[in-house]
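>>> Just the structure for this:
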Amino acid sequence: MVKLSKAMKAMNAKTPETKAPMPLAQAIEILKGFPARKFDQSVEIHMHLGIDPAQADQLVRGSVVLPNGIGKTQRIVVFAKGDLAAAAQAAGADEVGQEDLAKRIKDGWTDFDVCIATPDMMGLVGPLGKVLGPRGLMPSPRAGTVTMDVTRVVQEYKAGKVEFRNDKGSNLHAIVGKLSFDAQKLIENIEAFMAYVNSLKPQACKGTYIKSIAICATMSPSVRVAA
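Numbers count the residues shown, from 1 in each chain. I've put the predicted structure just below:
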């Protein structure tokens with residue numbers, strides 16, 4: 001049995017006894033009422049979907065620009081050459097390269113949050129899947145990270161774009177802001193995320209699509225939110 005810390009016990013005591021889903025504004029109020037930590041915690045959303053992750057036509061994956069960002073400057077690497085490499089650098093990419101960048105990653109360097117590639121670079125990037133894939137960093141057309149429009153995509157991620165994809169348990173997880181955000185900004189971010197995920201419902205998915213939603217901070221219990 002996991003032994004809870006005094007802080008976690010105190011926070012659990014502040015959560016509603018019924019654990020029933022509640023309006024988003026109320027859930028955020030509870031989240032903000034937990035004892036403060038020594039750092040600005042991220043706010044996360046966790047959604048359980050009524051999909052069959054074993055079926056390719058029921059996978060849910062995408063990316064969305066949150067209206068108020070996520071409170072973090074993301075480190076971005078871009079595989080591109082020529083004018084597109086220059087465009088990526090001008091847009092704010094932290095690292096831009098080709099073979100040299102691929103070698104660094106192959107050797108184990110993954111100190112970045114997003115990897116973007118132009119289509120002509122995928123022959124170079126593909127073999128890096130063993131390193132990038134398990135970390136959720138592999139460029140993908142579906143996520144919008146394989147693109148010729150590197151300027152727009154780099155700027156979107158710098159502004160607070162988040163990627164997500166379902167796991168084997170039919171769950172989605174994403175950061176949607178910082179606990180220091182005012183409540184309205186968190187509401188706007190979370191509503192934008194939920195609306196976008198809802199728009200991605202696979203046609204093959206029957207029955208209830210979004211089964212449950214919860215939000216939490218980095219070091220807090222989760223609070224259930226009404227879908």
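
>>> the strands in the protein, which residues?
Along the chain, counting by DSSP state E, strands occupy 42-49, 61-65, 76-79, 95-97, 114-117, 161-165, 171-178, 210-217, 223-225.

>>> Mind checking these for the one nearest to residue 202?
Closest of the strands of the chain to residue 202 is strand 42-49, at 9.3 Å (criterion: C-beta to C-beta). For the C-beta atoms, the positions are set from N, CA and C on the backbone; glycine is no exception.

>>> So what touches the closest one?
When contacts are taken as C-beta atoms under 8 Å, 6 or more residues apart in numbering, the neighbours of strand 42-49 outside the stretch itself are 31, 60, 70-72, 166, 169-179, 181, 186, 190, 193-194, 197, 205, 209-218, 222.

>>> got the strands of the chain as JSON lines, with mean neighbour count columns?
Shown next, in JSON lines, are the strands of the chain (neighbours: other C-beta atoms under 10 Å):
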{"stretch": "strand 42-49", "mean neighbour count": "20"}
{"stretch": "strand 61-65", "mean neighbour count": "17"}
{"stretch": "strand 76-79", "mean neighbour count": "26"}
{"stretch": "strand 95-97", "mean neighbour count": "21"}
{"stretch": "strand 114-117", "mean neighbour count": "25"}
{"stretch": "strand 161-165", "mean neighbour count": "20"}
{"stretch": "strand 171-178", "mean neighbour count": "21"}
{"stretch": "strand 210-217", "mean neighbour count": "18"}
{"stretch": "strand 223-225", "mean neighbour count": "22"}
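
>>> Dump those strands to TSV, plus mean pLDDT and distance to residue 144.
Converted to TSV, these look like this (pLDDT from 0 to 100; distance: least, C-beta to C-beta, whole Å):
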stretch	mean pLDDT	distance to residue 144
strand 42-49	97	20
strand 61-65	89	5
strand 76-79	98	13
strand 95-97	97	18
strand 114-117	96	9
strand 161-165	89	8
strand 171-178	95	15
strand 210-217	96	22
strand 223-225	95	26
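
>>> Distance to residue 127 for those strands - can I get that in JSON lines?
As requested, those are arranged in JSON lines below (distance: least, C-beta to C-beta, whole Å):
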{"stretch": "strand 42-49", "distance to residue 127": "32"}
{"stretch": "strand 61-65", "distance to residue 127": "22"}
{"stretch": "strand 76-79", "distance to residue 127": "12"}
{"stretch": "strand 95-97", "distance to residue 127": "15"}
{"stretch": "strand 114-117", "distance to residue 127": "12"}
{"stretch": "strand 161-165", "distance to residue 127": "21"}
{"stretch": "strand 171-178", "distance to residue 127": "27"}
{"stretch": "strand 210-217", "distance to residue 127": "37"}
{"stretch": "strand 223-225", "distance to residue 127": "41"}
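
>>> Between these, which one is closest to residue 85.
Counting by C-beta to C-beta, residue 85 lies closest to strand 95-97 out of the strands of the chain; the figure is 4.9 Å.

>>> just checking, what packs against that closest one?
Based on contacts counted as 3 or more C-beta pairs under 8 Å, 6 or more residues apart in numbering; DSSP states H and E, the elements that strand 95-97 packs against are strand 76-79, helix 82-91.

>>> mind putting those in a markdown table, distance to residue 159 included?
What follows is those, written out as a markdown table (distance: least, C-beta to C-beta, whole Å):
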| stretch | distance to residue 159 |
| --- | --- |
| strand 76-79 | 11 |
| helix 82-91 | 11 |
